[in-house]
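Visitor: sequence and predicted model, in that order:
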Amino acid sequence: MNRKKKYRSKVKKICPKHKCTLINAFTVYGLRFECPHDDCTVACWNGSTSTPADLETRTMRITAHKEFDMLWKAEWRLRLGLTRQELYKRLAKILTLEVCKTHIGYFDINLCSKVIVFAEQLKSNYLKKVARHEA
């Protein structure tokens with residue numbers, strides 16, 4: 001049943017599918033927690049900015065992060081007067097969350113979808129604004 005290497009930690013994270021303690025797996029990216037069941041895809045990273053998630057949710061989190069990160073890394077956001085913190089504040093308002101709870105690593109598939117829509121709309125609005133100024 002269990003072929004994954006086990007590392008025990010003082011931090012207990014629970015698999016929402018199997019209700020068992022996740023095991024530590026050391027990776028080049030840092031400490032990752034995984035379900036010990038071979039057929040399970042539940043995992044999360046060390047720290048307090050993610051919760052255990054299955055493969056589908058993790059995939060959506062990766063996509064949402066990619067889309068949101070493109071916003072605050074884009075030079076054009078500065079032309080709109082948007083800092084990274086301001087983008088997070090806007091996202092928190094749209095999601096009706098406190099800014100301190102606005103971590104994509106906490107989000108379910110529904111919230112990740114909203115992040116993606118937010119990013120797409122902001123980019124689209126900016127491009128429309130540029131097109132109006134160029135016309």
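Guide: Received it, and whenever you're ready, just let me know what you need.

Visitor: switch to C-alpha atoms for all contacts and neighbour counts from now on
Guide: Will do.

Visitor: how about the residue nearest in space to the middle of the chain, phi and psi?
Guide: For the chain, the residue whose C-alpha lies nearest the mean C-alpha position (C-alpha atoms, centre = their mean) is I104; its distance is 2.9 Å. Note on I104: its backbone torsions stand at phi -60, psi -30 [degrees, to the nearest 10].

Visitor: can you give me the buried ones in the helix ranked longest in the chain?
Guide: Longest helix in the chain by number of residues, with DSSP state H as the criterion: helix 109-134. When burial is assessed from 16 or more other C-alpha atoms under 10 Å, helix 109-134 yields the following buried residues: I109, L111, C112, V115, I116, F118, A119, K123, Y126.

Visitor: list the buried residues of the lowest-mean-pLDDT helix or strand in the chain.
Guide: In the chain, the helix or strand scored least confidently by mean pLDDT, DSSP states H and E is helix 76-79, which has a mean of 74. Buried residues in helix 76-79, counted by 16+ other C-alpha under 10 Å: R77.

Visitor: no further questions, thank you.
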